[in-house]
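[1] one predicted model, sequence on top.
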Amino acid sequence: MGSFFVLSGFILTLGCVGHDVNYGKFLLARILRIYLVCLMFTTAAQRDTLTFANLLLSLLPFGHLSGAVQGGLAGMFW
C-alpha cells in the first residue's frame, strides 16, 4: 500500500516539475474525476432501474433530493 502512495507522489511531482501548477484547477479536475467514477459505478449497480430522468437528475449534485423522480442514481454516493 505504501508503494502506491510513493509511486503516485512521484508521478504527480514529475508532472509538476518546471511547470506552474494551478491548485484550483487541479482540485476541480480531481473532484470531477471522482464524481464521474462514482456516477459510472452507481449507474452500473442500478442499471435495472435506470431511466433517462434518473440519469439526468443524478448529473447535478443533490438532484435526487428534488422529489421529481424517485430513486435517483446519485443517492448512493451523496
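    Yes, it's here.
[2] what are the buried residues along the longest helix belonging to the chain?
    What stands out as the longest helix in the chain, according to DSSP state H, is helix 23-45. By neighbour count on 16 or more other CB atoms under 10 Å, the buried set for helix 23-45 is 38-39, 42-43. Placement of C-beta: from N, CA and C, glycine included.
[3] any weak-confidence spans in this structure?
    1, 54, 56-78 (pLDDT under 70).
[4] pipe the buried residues of helix 23-45 into CSV and attach distance to residue 21 per row.
    Shown next, in CSV, are the buried residues of helix 23-45 (distance: CB to CB, whole Å):
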residue, distance to residue 21
38, 25
39, 27
42, 31
43, 32
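[5] export the longest helix of the chain as PDB, just CAs?
    Listed next in PDB are the C-alpha coordinates belonging to helix 23-45 (Å, rounded to 0.1, in the frame of the first residue of the first chain):
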ATOM      1  CA  TYR A  23      -4.100  24.300  -7.500                       C
ATOM      2  CA  GLY A  24      -7.700  25.400  -8.000                       C
ATOM      3  CA  LYS A  25      -7.900  23.800 -11.500                       C
ATOM      4  CA  PHE A  26      -6.200  20.700 -10.100                       C
ATOM      5  CA  LEU A  27      -8.700  20.300  -7.300                       C
ATOM      6  CA  LEU A  28     -11.700  20.900  -9.700                       C
ATOM      7  CA  ALA A  29     -10.400  18.300 -12.200                       C
ATOM      8  CA  ARG A  30      -9.900  15.800  -9.300                       C
ATOM      9  CA  ILE A  31     -13.400  16.300  -7.900                       C
ATOM     10  CA  LEU A  32     -15.000  16.000 -11.300                       C
ATOM     11  CA  ARG A  33     -13.000  12.800 -12.000                       C
ATOM     12  CA  ILE A  34     -14.100  11.200  -8.700                       C
ATOM     13  CA  TYR A  35     -17.700  12.300  -9.300                       C
ATOM     14  CA  LEU A  36     -17.800  10.700 -12.800                       C
ATOM     15  CA  VAL A  37     -16.300   7.500 -11.500                       C
ATOM     16  CA  CYS A  38     -18.900   7.300  -8.700                       C
ATOM     17  CA  LEU A  39     -21.600   8.100 -11.300                       C
ATOM     18  CA  MET A  40     -20.400   5.300 -13.500                       C
ATOM     19  CA  PHE A  41     -20.400   2.800 -10.600                       C
ATOM     20  CA  THR A  42     -23.900   3.700  -9.400                       C
ATOM     21  CA  THR A  43     -25.200   3.600 -13.000                       C
ATOM     22  CA  ALA A  44     -23.800   0.100 -13.400                       C
ATOM     23  CA  ALA A  45     -25.100  -1.000 -10.000                       C
END
